[in-house]
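In: Pasting the sequence and the predicted coordinates here, then a few questions.
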Amino acid sequence: MSREQTEVRELNEGNYLIMDDAPCQITAYSTAKPGKHGSAKARIEGKGVFDEKKRSLSQPVDAKIWVPIIERKQGQVVNVEGDGVAQVMDLETYETITMNLPDGADVGNGDEIEYLEYEGQRKVV
């Protein structure tokens, strides 16, 4: 499993975390002052890295939360198919992978790209 635990207070906007069993990037992070009988709470809003869904969560700042270890990799486009799909060769392992390209991506054969990978899911950035 490629994830680790950290305290909510360690997170910032732009960091990754697991929300609803999906890796998300934090788009907004705010904390509320401690109440009469409890600890300070953090409100976190995020966007799914691979599915683009918006999610939110509220946790005490001293709670432990799972953070995914998302790898950033380099690849070279071998072939672009007409429907926004590309064959990409990983520049480290030389493995060829089929990936969807983002809408409007100006990518051609031979171009080097960067992509994210987490537990078998991949996304061109």
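Out: Thanks, I have it.

In: so how far is stretch 59-74 off the chain centroid?
Out: Taking CA atoms, centre = their mean, to the nearest Å, one finds stretch 59-74 lying 10 Å from the centre of the chain it belongs to.

In: isn't residue 101 right next to residue 84, touching?
Out: Yes: counting by CB atoms under 8 Å, residue 101 does reach residue 84; the two are 5.0 Å apart. Bear in mind the C-beta positions are built from the backbone N, C-alpha and C, glycine included.

In: neighbour count winner among those two?
Out: Neighbours were counted for residue 101 and for residue 84 using other CB atoms under 10 Å; residue 101 has more, 19 against 14.

In: can you pull out the helices in the protein?
Out: Secondary structure of the chain (DSSP state H): no helices located.

In: List the contacts of residue 84.
Out: The contact partners of residue 84, by CB atoms under 8 Å, 6 or more residues apart in numbering, come to 100, 101, 103, 105.

In: Of these, which is the most crowded?
Out: residue 101 (19 neighbours).

In: In contact with it, which residues?
Out: Residue 101 touches 80, 84, 85, 86, 107, 124, counting by CB under 8 Å, 6+ apart.

In: repeat that for 6 Å
Out: By CB atoms under 6 Å, 6 or more residues apart in numbering, the contact list for residue 101 reads 84, 86, 107, 124.

In: cool, and residue 36?
Out: By CB under 6 Å, 6+ apart, residue 36 has no neighbours at all.

In: Just give me the residue right at the centre of this structure.
Out: residue 49 (3.6 Å; CA atoms, centre = their mean).

In: Just give the nearest non-adjacent residue to that one, would you?
Out: With sequence-adjacent residues excluded and distances taken as CB to CB, 6 or more residues apart in numbering, residue 49 is closest to residue 23, at 4.7 Å.

In: Just give the number of residues close to the one you found.
Out: 24.

In: For residue 123, see how far away the residue sitting furthest away from the middle of the chain is.
Out: Distance to the chain centre peaks in the chain at residue 36, reaching 35.7 Å (criterion: CA atoms, centre = their mean). As judged by CB to CB, to the nearest Å, residue 36 and residue 123 stand 44 Å apart.
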